[in-house]
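**Student:** I need the structure of the sequence given here:
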Amino acid sequence: MNEMMKHKINHNLHRAIVSVKWVIFAVIVGGIVGLCGTAFYFALSFVTVLRTQNAWLIFLLPAGGLAIVALYRLLHNENDTGTNLVLSAIHSNDELPLRMAPLIFVSTLITHLFGGSAGREGAALQMGGSIGNALGKLFRFDEKDKHVMIMCGMSAAFSALFGTPMAAAILPMEIVSVGVMYYIALVPCVISSLVAHGIAYSFGVSNELFTIGNIPAFRVMSAVKISVLAVLCALVSILFCVLLHQSEELYKRFFKNAYLRAFIGGCIIIVLTLLVGNQNYNGTGINIIEQCINGTVRPEAFLLKMIFTALTLGAGYKGGEIVPSFFTGAAFGCLFGNLLGFSPTLCTAVGMTAVFCGVTNCPITSLLISFELFGYDGMPYFLLAIAFSYMLSGYFGLYRSQKIVYSKYKTNYINKTTH
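**Tutor:** Below is the predicted model:
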């Protein structure tokens with residue numbers, strides 16, 4: 001009996017020590033990555049304002065592309081696969097170098113300064129993941145614990161930059177392996193997300209919050225309309241993923257040299273921008289999302305954003321894919337709402353989260369993002385749309401290192417990567 005008691009006491013003591021360890025290191029990761037994410041936010045805001053005030057900077061985009069390729073060559077990171085490398089580092093033990101953090105920081109700023117079409121959260125995931133991994137190495141963590149540190153860093157960076165701590169805490173646990181959640185990382189990711197969010201907030205980083213006015217009552221006909229929108233958003237998300245992957249493959253097929261790819265890609269974006277006649281599809285496009293929330297959108301906006309983003313990232317420019325997916329979903333949802341005469345503002349919000357779910361295969365994160373960005377009043381619509389989008393987007397995804405562990409259609413173990 002005494003031996004059993006001792007065993008229980010030792011077991012509980014071990015669990016307490018492990019819990020305290022993760023609280024301490026989650027705070028450390030959240031603090032460091034939160035500061036880096038905050039600096040990234042302000043630097044990105046600065047270059048975006050600079051570009052909007054000096055439209056001629058778009059003509060330097062090819063030169064910016066050459067600089068990005070040179071930077072990656074200089075630091076011997078030319079085979080970098082971006083967020084894919086972060087995901088594969090978690091489930092395949094691939095090496096995640098610390099130099100990824102400054103490289104993605106600087107190269108994303110270059111992309112945005114000269115008018116490339118890209119987001120910021122994907123870059124944040126890379127930056128946070130590499131810093132988290134480096135801290136794990138510094139404190140001599142084993143491989144499994146380093147994976148948790150990577151996820152902590154991803155949560156912290158996403159939270160600091162986008163201001164959605166709930167979604168940021170869950171995203172790294174959900175995005176790596178679809179069908180399996182890494183619950184061991186729940187407490188560390190929650191703490192690092194909240195710490196990073198607190199740091200960003202203390203420096204004046206404003207959250208992206210949108211107001212949906214006049215949400216229709218949730219009735220059968222309203223549910224049908226939103227379900228149709230969700231089905232279409234799933235198709236849009238598939239198209240977005242295909243365009244991104246095919247663009248990269250086509251660039252590599254026709255332009256073997258990375259410098260040439262970046263230069264040609266920059267020239268193509270310049271020509272498209274001149275043809276469009278404005279820079280609405282360059283940069284992140286947050287201002288266009290705000291217009292969509294107000295019910296105003298050009299019919300072709302969602303398609304043009306996908307094309308601009310695919311041609312930018314496929315050529316080797318750096319940045320994220322998540323905000324462009326928000327733009328695409330918002331523009332498509334607003335268009336759908338206007339055509340049907342059904343609350344364009346609500347359809348914009350639903351479109352944003354449904355397309356995000358389709359391209360990331362993360363329904364829980366998508367639902368949390370919808371609550372943090374738009375509040376809880378539209379909950380039935382978000383819940384329904386995200387469920388349909390998740391199921392009908394199939395096995396497509398932004399990140400080819402993402403594993404689909406269990407089938408979306410049966411309780412089968414399939415363990416395959418996304419298309």
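**Student:** what's the end-to-end length of stretch 250-260?
**Tutor:** Terminal residues of stretch 250-260 lie 13 Å apart, using Cα to Cα, to the nearest Å.
**Student:** quick one: the strands in this protein?
**Tutor:** Ranges of strands in the chain, per DSSP state E, are 177-178, 403-406, 413-417.
**Student:** list the strands paired with the first one, with their directions.
**Tutor:** Strands adjacent to strand 177-178 in the sheet, as given by DSSP bridges, are strand 403-406 (parallel).
**Student:** from what I see, H112 and G285 are in contact.
**Tutor:** No: using Cβ atoms under 8 Å, H112 is not in contact with G285, being 11.1 Å away. Heads up, the C-betas are built off the backbone N, CA and C, glycines and all.
**Student:** just to revisit the earlier point, among the strands of the chain, which is the most enclosed?
**Tutor:** Among the strands of the chain, judged by mean count of other Cβ atoms under 10 Å, the one packed with the most neighbours on average is strand 177-178 (a mean of 22).
**Student:** and the angle for the lowest-mean-pLDDT helix or strand in the chain with strand 413-417?
**Tutor:** Lowest mean confidence among the helices and strands of the chain (mean pLDDT, DSSP states H and E): helix 83-92, at a mean of 80. Orientation check (axes from the mean of the first three to the mean of the last three Cα atoms, to 10 degrees): helix 83-92 against strand 413-417 gives 140 degrees.
**Student:** hmm, back to that, with mean pLDDT and distance to G351 added, can I get the strands of the chain in a markdown table?
**Tutor:** Shown next, in a markdown table, are those (pLDDT from 0 to 100; distance: least, Cβ to Cβ, whole Å):
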| stretch | mean pLDDT | distance to G351 |
| --- | --- | --- |
| strand 177-178 | 85 | 22 |
| strand 403-406 | 87 | 24 |
| strand 413-417 | 85 | 27 |
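**Student:** make TSV from those and add distance to L275 to it.
**Tutor:** Rendered in TSV, the data for those read as follows (distance: least, Cβ to Cβ, whole Å):
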stretch	distance to L275
strand 177-178	38
strand 403-406	38
strand 413-417	36
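**Student:** A385 reaches V355, doesn't it?
**Tutor:** No: A385 is beyond contact range of V355, at 9.8 Å (criterion: Cβ under 8 Å).
**Student:** now do the shared contacts for these two.
**Tutor:** C233 (Cβ atoms under 8 Å, 6 or more residues apart in numbering).
**Student:** spit out the contact partners of the most centrally placed residue in the chain.
**Tutor:** In the chain, the residue lying closest to the centroid (Cα atoms, centre = their mean) is I322, at 3.8 Å. Neighbouring residues of I322 by Cβ under 8 Å, 6+ apart: G119, R120, E121, G122, F356, T360, L398.
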